[in-house]
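**Q** Below are the sequence and a predicted model; questions follow.
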Amino acid sequence: MGGFLFGYDSSVINGAVEAIRSRYGIGSAELAQVIAIALIGCAIGAATAGRIADRIGRIRCMRIAATLFTISAVGSALPFALWDLAFWRIVGGFAIGMASVIGPAYIAEVAPPAYRGRLGSFQQAAIVVGIAISQLVNWGLLNAVGGDQRGRLMGLEAWQVMLGVMVVPAVLYGLLSFAIPESPRFLLSVGRRERARRILAEVEGDHIDLDARVAEIETAMKREHKSTFKDLLGSSFLFKRIVWIGIGLSAFQQFVGINVAFYYSATLWQSVGVNPTESFLYSFTTSIINIVGTVIAMIFVDRIGRKPLALIGSCGMVVGLALEAWAFSYPLVGGKLPATQGWIALIAAHVFVLFFALSWGVVVWVLLGEMFPNKIRAAALGVAASAQWIANWAITASFPSLADWNLSWTYVVYTAFAALSIPFVLKFVKETKGKALEEMG
């Protein structure tokens, strides 16, 4: 549910972009800041979630996030000014940032090593389902008001209802947090040994030697202390190499422009002549492709490994993005792309999302959950996730202005980052498939 809300809250704004522009009479630059400002909250939430989870537990951290999601949904649906809407988006962003860290960390800590990759990929699966459902809800609400994002529905404008619907999954997230056990590693860290043993037996099976497993975790924990920002530093106050690799993975995941497809796709397609209702439908079909790619990744992440999957995805993304850049280079005819280029742009967009989903969408979150040594895992994961949100903000805030300048060259930039991710993975990323967390570092 945390991953679902992560995806839903991140992409539901896609249905409100043009309505917000119209209601408040703002240009591309101001609009981009309102859309992207939630990502500042995401970065703060991601940076602090690890420390919060180490102090009060993983489950309580989830409940805080659920509360913030709920408050944000209500506030975003009932704004009285543009700054008010921006504030509630920051609150929602903080919740997304917390969910982005606590989900992978919790899964990595409760999952047996043999299944950790597949179980870790459920986080991304939930994210892409959340994205798809948000686009389906947006499309349904838009049809209910005849294609007008500002049409009246239940006493509000349609875009306000789109943002308010998130109350339902947010409350469900909070309730379901009472149905799962606390992380055994956290329980051992606070001296609740017997409870940790029972949970290990539940999640790893009665066949394991519980005494040996508990001793293994406790031995690893004795060699470490609570991770702090200082622990991430190497020589000359620079981050350790492994932290930089995590930051690099996060940056490349965003610099390929994936979230343009989820935050601005309706606006993008409308800018090349697609009518509003069809543009929302294409946003939904893209989300379905995203789910298909994620399922593929879940099947293969533990079979062929994280690194090969990332390389396959990078190659596919280069092809898809390059074709989009080519198609968008053609001048509009009658307000639309020429038929051939229009179809190629649409197909290439789906190809790009497919290869992202079957690789970087899943692999990065799995790697960030397991690549760091126990001593620095929580703090390093927080920094890497925070870097991911900052990179996301940079892409999200810049896209409207870049698209106004030159849409084709904007996609050339994304293509270049996809190409550069290949040598980065080959040189710096190590395979973590099948290794216990205690072996990292």
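**A** Perfect, I can see it now.
**Q** Which neighbouring elements make contact with the longest helix along the chain?
**A** When the chain is parsed with DSSP state H, its longest helix is helix 377-428. Packing contacts for helix 377-428, counted by 3 or more Cβ pairs under 8 Å, 6 or more residues apart in numbering; DSSP states H and E, involve helix 28-56, helix 82-110, helix 241-255, helix 260-263, helix 265-271, helix 306-328, helix 360-370. The C-beta positions use only the backbone N, C-alpha and C, and glycine is treated the same way.
**Q** one more time with 10 Å, if that's ok
**A** Judged by 3 or more Cβ pairs under 10 Å, 6 or more residues apart in numbering; DSSP states H and E, the packing partners of helix 377-428 are helix 28-56, helix 82-110, helix 241-255, helix 260-263, helix 265-271, helix 306-328, helix 339-357, helix 360-370.
**Q** Let me know which of these is tucked in deepest.
**A** helix 360-370 (a mean of 27; mean count of other Cβ atoms under 10 Å).
**Q** where in the stretch 101-250 of the chain is pLDDT low?
**A** Within the stretch 101-250 of the chain, the ranges that satisfy pLDDT under 70 run 223-229, 235-237.
**Q** run the last query once more with 80
**A** Scanning the stretch 101-250 of the chain for pLDDT under 80 picks out 104, 112-121, 123-125, 147-149, 203-214, 216-237.
**Q** quick one, helices of it?
**A** 116-144, 158-164, 167-176, 184-189, 193-204, 210-222, 241-255 (DSSP state H, counting those that start in this stretch).
**Q** Figure out how far the last one is from the centre of its chain.
**A** Relative to the mean C-alpha coordinate of its chain, helix 241-255 is positioned 14 Å out (Cα atoms, centre = their mean, to the nearest Å).
**Q** by contact count, what packs against it?
**A** With contacts taken as 3+ Cβ pairs under 10 Å, 6+ apart, helix 241-255 sits against helix 306-328, helix 360-370, helix 377-428.
**Q** so the longest one versus helix 360-370, what angle?
**A** What it means is helix 377-428. Helix 377-428 and helix 360-370 are oriented at 120 degrees to each other (axes from the mean of the first three to the mean of the last three Cα atoms, to 10 degrees).
**Q** now the angle from helix 377-428 to helix 339-357?
**A** Going by the same axes, to 10 degrees, helix 377-428 makes 120 degrees with helix 339-357.
**Q** Quick check: mean pLDDT of helix 377-428?
**A** In this model, helix 377-428 has an average pLDDT of 89.
**Q** mind checking the SS state of Arg303?
**A** Assigned by DSSP: H, G, I helix; E, B strand; the rest coil, the conformation of Arg303 is coil.
**Q** Just name the most buried of the helices of the stretch 101-250 of the chain.
**A** Highest mean neighbour count among these (mean count of other Cβ under 10 Å): helix 158-164, a mean of 24.
**Q** Next, format the helices of the stretch 101-250 of the chain as CSV and append distance to Phe94.
**A** Formatted as CSV, the helices of the stretch 101-250 of the chain follow (distance: least, Cβ to Cβ, whole Å):
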stretch, distance to Phe94
helix 116-144, 17
helix 158-164, 16
helix 167-176, 13
helix 184-189, 21
helix 193-204, 28
helix 210-222, 29
helix 241-255, 18
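**Q** Minimum distance to Ser398: which of those has it?
**A** Smallest distance to Ser398 across the helices of the stretch 101-250 of the chain (Cβ to Cβ): 10.8 Å, for helix 241-255.
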